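S.K.: Would you be able to build a 3D model of this:
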Amino acid sequence: MEFGLSQEQTLLQDSVNRFLNEQVPLDEVRKVATADKNDKAVWQGLAQLGIPALIIPEDKGGVGLGAVEAAIISELLGYHVTPSPFISSAIMAPIALAGKRDDLIANIAAGTCRIGIAFGEAIAAKDKAGVSASGNKLSGLSLFALDIDADYYLVATNDQQLYLVAADAVERKNMATIDLTRTTCELVFDNTAAELISNDTEDFNRALDIGRIMLAADTLGAGQNMIDQAVSYAKEREQFDRPIASFQAVKHMCAEMTAGLEPCRSMVWYAAHAYDHLPEETRLTTCHTKAHISEVGKFVAKTSTEVHGGMGFTDLVGLHYWFKRIGFNRQLLGSPELLRQQAAKLQGLAA
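M.R.: Residues are numbered from 1 along each chain as shown. Have a look, this model is predicted:
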């Protein structure tokens, strides 16, 4: 039996990779990171390829593909450290809104509507933050909500109920993180009008699980790029009249990065497959996958920077964009420590 991508999946991968190579070079990423531009042009380009519609059913205006195809795209976006609201608008929002707001889903598929995600306080308690509901009104504070340019926000209350809030109805404050390729914000709710989307925690968990899988795939792509850059640099950089790639220590560093990261691709693909076809395995597989890849990504980011030596810390090389992307992914939607604790509870190993 052959385990790998189908011809259609490979064609999708090649098409998106070609677009990102041509339209999102590192100079464009720098412009977004330095606030000279926003990510709207990139998102519109991806919309023309059907990326916002990727997992939306065909009868709702989408492409009708699954989590595996979404993971392939997320890996590419991480590889190119692409500024975009892919995980929030194209992935988590359609899952949470399915069967509830088909009008918004159609607009998401067309790339004309962006949905931000504010799940942080429902995942883990934060000091002086939290969102509560009274009727159709929200009060409280949500930190590190994804996408400051969103048209709506999906907000999870402390008890994991999902509400939809119009962006112009809530106070937004920019929150800077180490990853300047993505925007996050603080949402302040003061009896803010909201629409109840679901009071079933399973709907919250479904959206959260696929978001975690996509973050793992994004880290996988970012880590692969850092390895590729490290190998390329080692072949060109000379010391003592020979490329540093010929030194045993450097060979070992590159080999260790590859040996650690390569199995992660299978983990991501299996987690995505389980999401679509093995719901009883999804939660545990997702926790293990994101936790493990977060740790491997951290090792790859550190080691790749060391291979570059002093050049690894310069903006000229730009390695820090991938380094910071991996670091932000590690904490977003649950840290490795939190995910391992959740996995232990699911297996009956912890109270």
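S.K.: CA atoms for contacts and neighbours, from now on please.
M.R.: Will do.
S.K.: mind listing what K128 touches?
M.R.: K128 sits next to L141 when contact means C-alpha atoms under 8 Å, 6 or more residues apart in numbering.
S.K.: any idea how far it lies from T303?
M.R.: Distance, K128 to T303, using C-alpha to C-alpha, to the nearest Å: 37 Å.
S.K.: go on, E238?
M.R.: From E238 across to T303, the span is 19 Å (C-alpha to C-alpha).
S.K.: quick one: the helices in the stretch 1-150 of the chain?
M.R.: 7-23, 26-33, 40-48, 67-79, 93-97, 102-110, 120-123 (DSSP state H, counting those that start in this stretch).
S.K.: Tabulate those helices (a markdown table), appending distance to E58 and mean neighbour count.
M.R.: Output for those, formatted as a markdown table (distance: least, C-alpha to C-alpha, whole Å; neighbours: other C-alpha atoms under 10 Å):
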| stretch | distance to E58 | mean neighbour count |
| --- | --- | --- |
| helix 7-23 | 17 | 14 |
| helix 26-33 | 32 | 17 |
| helix 40-48 | 15 | 17 |
| helix 67-79 | 15 | 24 |
| helix 93-97 | 13 | 23 |
| helix 102-110 | 10 | 20 |
| helix 120-123 | 31 | 22 |
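S.K.: how about TSV for those helices, with mean pLDDT and distance to I244 added?
M.R.: TSV is the format used below for these (pLDDT from 0 to 100; distance: least, C-alpha to C-alpha, whole Å):
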stretch	mean pLDDT	distance to I244
helix 7-23	95	28
helix 26-33	93	25
helix 40-48	94	37
helix 67-79	97	24
helix 93-97	96	47
helix 102-110	94	48
helix 120-123	92	44
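S.K.: Need those in TSV (columns: distance to G223).
M.R.: Formatted as TSV, the helices of the stretch 1-150 of the chain follow (distance: least, C-alpha to C-alpha, whole Å):
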stretch	distance to G223
helix 7-23	16
helix 26-33	16
helix 40-48	22
helix 67-79	7
helix 93-97	26
helix 102-110	29
helix 120-123	25
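S.K.: list the contacts for I73?
M.R.: By C-alpha under 8 Å, 6+ apart, the residues touching I73 are Q13, V16.
S.K.: Contacts only, for V300.
M.R.: G223, M226, I227, M257, L261.
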